[in-house]
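> please work out how this folds:
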Amino acid sequence: MRKIFFLAMLVSAFVPLYAQSTHPEGLSFYNEKSHWGIVDVKGNTIIPFEFGNSLHFSEGLAPARKIRYLKDKNGITRPDSLGGLFGYINEKGEWVIPPAFEYAEGFKKGVAKVWKEEKQYMMDKNGNILLFTQNYKETEQIENGLYLVTSVSGKSGITSENGQLLLDSIYTQITPDPVNRVFIVREKEEYGVFGFSGKWIFPMGKYDNIDPFIKGYATVSRREGHFEGFIDTTGREYFFKSFPERTYLKSTFYSDEEREYIYEKLLIINLYGRNTAEKEGSYSSVNSYEGYCNLKGEIVIDNPEFRRCFPFYNGRAIVSNANFEDFVINKKGEVVGGPFQDHYGSFQGGFCWVKQKKQWQYIDTLMLPLFKNTFKEIDGGFVNGKCKVKTEQSNWIWIDTKGDSISLAEPSNELFEGDFAVRAKEEKFGIKDKEGNILIPFVYNRLMVTRYPEIFLATRNDTTGYLNTQNQWICRTLKTSEGMYPVNLDYMLRGFFYAGSSQPDKETGIGGYARYHPNKLEDGSPAKISPEWNFPDQKLSFQARQDTGKPANIQLWIANLSGKDIHFPAQDSRLEMTIEARTRNGIWEEVMYLPDSWCGNSYHTLQLASGECWKFDMPIMEGSIPATFRARISIDSAKGWFEEALSGEKSQSNQLYYSNEWEGSVNPAQFWRQKGYTPSGIMDPYNE
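Modelled structure (predicted):
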């Protein structure tokens, strides 16, 4: 089978996510109404476009929510009551388990998670709820008939498949580790290790921290007495001893290839050399450095010049000093090479990239270069026997492990594996084979591989669909359909009302600055109010208006006519603005949530100057339950901005302001289910 590289893509908050189907004969796709179905590799329909979710098959079944329309007593066509509920279909699209659940996930080893009235259960393939799961708030299947359960009070435990408690639900946190076949158990400040065998490996009480197991090993500690230790999954404790203050075993990893604790029977340890003039209890990072200890906890390499230490491989390790110079040492701590300006990787395989005199070279453990040539730059290390380097002539080339040139390479996001490569060129994507022949021209905004060779998920301007290597669409959907049909969801929207200020906020000194657009409207950008927009005669106008060009789109307008600036709380330029729905119960409930950031710098205010406005687009929702909607926004009045601007009075708390109402409908899961969010990196402060 041919292999193809792919690049990740971003999607908006309410456009459905394309997904790889596990249907044996087809691909999951949706039409212009965002209704999902299954097509084959020629674009023929296998399962009709009648579903509100992407169809993922596992063990022959897929959770599915079928959208059907019926006329109500007033003759208005609406989704029927079952359209908001999940059941399970087979690979022919036939119901095997009828719709009855607010949400459902795929089957795994004969059981699946389902939700009723916001409560999660486990169900077998016959549609029977596992009775013991009724007693818990959440249940998670692990393996070998083990289940992680969470009580209504939030405490965790472990049960067998028949509901027998192996570990009572009295613990603050239980983290399963199927790879190492253990659970790390925490209750307040105590930790222990419970095995998949159903027995304690390390009982609670001795440790107040246990780091994740890597290849059967973990570091442990206890703050009282500054104890550090090292254990494995067999129950062996290599050492647990008191170290000087601020000395601790390193539990961070430098790359995926180096996710280990032990490097040739040595552990990396953080050391601290207190300055004689330093006061007791104080700390200075200048006195912190790294070294190595053995499996008895004995420090065997202790050199304050080594500010950072890297793993040992083949008797060699890289260390860095305070001037960011790199050296190579042996297991006695003796310097055998360097100084180098930089390095890449370690001596895995007996070789390492190092930079010296602005040139990169590939050296062995004797510090001898493997290649006669040096290079100006390298783009990572060797992958599948190939490495991308820049020559003295500033040409990017691919070299093999002998240093011989294989082919030219462009300075772009390009990497070959097998026969095809997806790459970027001037911010457009295309596909070429390993001989350099262009199969799909560089005109696409995004390209992704599918599980079928020679079929690609592609977007070009307003069109998204599946392409073959002849650059032919096998099926596609036009983006121009957005706003023409309501969205039918089974999750809460994640807040997406981002805005900017025409000038930086003078009160806070931070905040989202946006380019000024006089008389021109772009979502979230401030614009000068035009008389033709016809705002009512009030100091702050917050209106929901039907989009005349898009029948399934609502425009939310915020206009400041107060004569003074108004300030709005925000989080990384996202306004504290959400959407609420009221159903037959008469209670307003959120159908959009606002995530929390752990970084204090995320929080600021956005200033909307007098005479300016914002506009936001919001899709009309449809579902199985008729509902009335409104938007809600917070206005910062801690310094009297809101009340002073609107009424001349000052207040000490944020004020809530509401738009007018509009009609639509919702599905049950929209009031509680959050899809979650994956941080884009260590600097992404949102971890939901």
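> with adjacent residues omitted, what lies nearest to F227?
With Cβ to Cβ, 6 or more residues apart in numbering as the criterion, F227 has its nearest non-adjacent residue at 5.4 Å, and that residue is S242. To be clear about C-beta, it is placed using only N, CA and C from the backbone, and glycine gets the same treatment.
> can you read off the pLDDT for that neighbour?
Confidence at S242, expressed as pLDDT, is 93.
> again, but for the one 4 residues further on
Confidence per residue is given as pLDDT, and for R246 that number is 83.
> what does G512 give?
Here, the pLDDT recorded for G512 equals 49.
> now do the one 5 residues further on
H517 is assigned a predicted lDDT (pLDDT) of 48.
> please pull out the lowest mean pLDDT helix or strand from the protein.
Every helix and strand of the chain was ranked by mean pLDDT, DSSP states H and E. The lowest is helix 641-646, at a mean of 46.
> for G350, give me phi and psi.
phi 90, psi 10 (degrees, to the nearest 10).
> that one reaches M367, doesn't it?
No: if you go by Cβ atoms under 8 Å, G350 and M367 don't touch, sitting 12.0 Å apart.
> low-confidence ranges in the stretch 251-400 of the chain?
251-259, 274-284 (pLDDT under 70).
> can you check which strand is longest in the chain?
Counting residues, the longest strand found in the chain (DSSP state E) is strand 625-635.
> which neighbouring elements make contact with it?
For strand 625-635, the packing partners by 3 or more Cβ pairs under 8 Å, 6 or more residues apart in numbering; DSSP states H and E come out as strand 540-546, strand 566-571, strand 577-582, strand 655-658, strand 662-666.
> can you do 7 Å?
If you count contacts as 3 or more Cβ pairs under 7 Å, 6 or more residues apart in numbering; DSSP states H and E, strand 625-635 packs onto strand 566-571, strand 577-582, strand 655-658, strand 662-666.
> among these, which is nearest S58?
When the helices and strands packed on strand 625-635 are compared by Cβ to Cβ, strand 662-666 sits nearest S58, at 27.8 Å.
> partners of the closest one, with directions?
Partners of strand 662-666 in the sheet, by DSSP bridges, are strand 625-635 (antiparallel).
> point out the most buried one among the helices and strands packed on strand 625-635.
Highest mean neighbour count among the helices and strands packed on strand 625-635 (mean count of other Cβ atoms under 10 Å): strand 566-571, with a mean of 24.
> relative orientation of that one and strand 625-635 in degrees?
110 degrees (axes from the mean of the first three to the mean of the last three Cα atoms, to 10 degrees).
> any idea of the mean pLDDT for the very next helix or strand once past strand 566-571?
Where DSSP states H and E defines the elements, the next helix or strand beyond strand 566-571 is strand 574-575. For strand 574-575, the mean per-residue pLDDT is 92.
> thinking again about what came up before, do you know how far the residue nearest to F227 is from F442?
From S242 across to F442, the span is 62 Å (Cβ to Cβ, to the nearest Å).
> picking that back up, from what I see, the residue nearest to F227 and G225 are in contact.
Yes: counting by Cβ atoms under 7 Å, G225 is a contact partner of S242 at 4.9 Å.
> the two: who's more crowded?
More crowded of S242 and G225, by other Cβ atoms under 10 Å: S242, with 13 against 8.
> quick one: contacts for the more buried one?
225-227 (Cβ atoms under 7 Å, 6 or more residues apart in numbering).
> name the nearest of those relative to A218.
Ranked by distance to A218 (Cβ to Cβ), the contacts of S242 are led by F227 at 14.4 Å.
> neighbours around L131, how many?
11.
> grab the nearest non-local neighbour of it.
Excluding its sequence neighbours, the residue lying closest to L131 (Cβ to Cβ, 6+ apart) is G163, at 6.9 Å.
> hang on, that neighbour is in a strand, isn't it?
No: assessed with DSSP: H, G, I helix; E, B strand; the rest coil, G163 is coil; it does not lie in a strand.
> begin at 49 from now on, thanks
Let's use 49 as the start, then, which means that last one is G211.
> that one and F180 touch, don't they?
Yes: G211 lies in contact with F180 (Cβ under 7 Å); the separation is 2.7 Å.
> between these two, which one's more packed in?
Using other Cβ under 10 Å as the criterion, G211 and F180 rank with F180 on top: 19 against 16.
> any idea what M640 is bridged to?
L541.
> need the pLDDT of it.
pLDDT for M640: 97.
> again with G531
66.
> now do K480
74.
> hmm, it is touching I486, no?
Yes: between K480 and I486 there is a contact at 4.8 Å, judged by Cβ under 7 Å.
> compare those two (neighbour count), which wins?
More crowded of K480 and I486, by other Cβ under 10 Å: K480, with 19 against 12.
> where's that one, which helix or strand?
K480 is part of strand 476-481, with elements assigned from DSSP H and E.
> identify each buried residue in that strand, please.
Within strand 476-481, the residues scored as buried using 16 or more other Cβ atoms under 10 Å are 477-480.
> ditto for stretch 105-112
For stretch 105-112, by 16+ other Cβ under 10 Å, it's 105, 109-112.
> specify which member of those is nearest to K723.
Scanning the buried residues of stretch 105-112 for proximity to K723, where the rule is Cβ to Cβ, the winner is P111, at 14.4 Å.
> any idea what that closest one is bridged to?
Y136.
> that one contacts G154, correct?
Yes: P111 is within contact range of G154, at 6.1 Å (criterion: Cβ under 7 Å).
> what sits in contact with each of these two?
Counting by Cβ under 7 Å, 6+ apart, P111 and G154 have no shared contacts at all.
> just to revisit the earlier point, including distance to D128, could the buried residues of strand 476-481 go into JSON lines?
JSON lines is the format used below for those (distance: Cβ to Cβ, whole Å):
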{"residue": "F477", "distance to D128": "41"}
{"residue": "G478", "distance to D128": "45"}
{"residue": "I479", "distance to D128": "43"}
{"residue": "K480", "distance to D128": "49"}
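> and the strand holding K480, what other elements does it pack with?
strand 468-473, strand 486-492, strand 494-497.
> now do that strand and strand 486-492, the angle between them.
Going by the same axes, to 10 degrees, strand 476-481 makes 170 degrees with strand 486-492.
> now find how far off-centre strand 476-481 is within its chain.
The chain centre lies 26 Å from the centre of strand 476-481; the measure is Cα atoms, centre = their mean, to the nearest Å.
> repeat that for stretch 204-217.
Distance, centroid of stretch 204-217 to centroid of chain: 30 Å (Cα atoms, centre = their mean).
> got the contact list for it?
179-180, 193-199, 203, 218-219, 221-222, 231, 242, 246.
> pull out the buried residues from that stretch.
Neighbour-count burial for stretch 204-217, counted by 16+ other Cβ under 10 Å, picks out 204-207, 209, 211, 214-215, 217.
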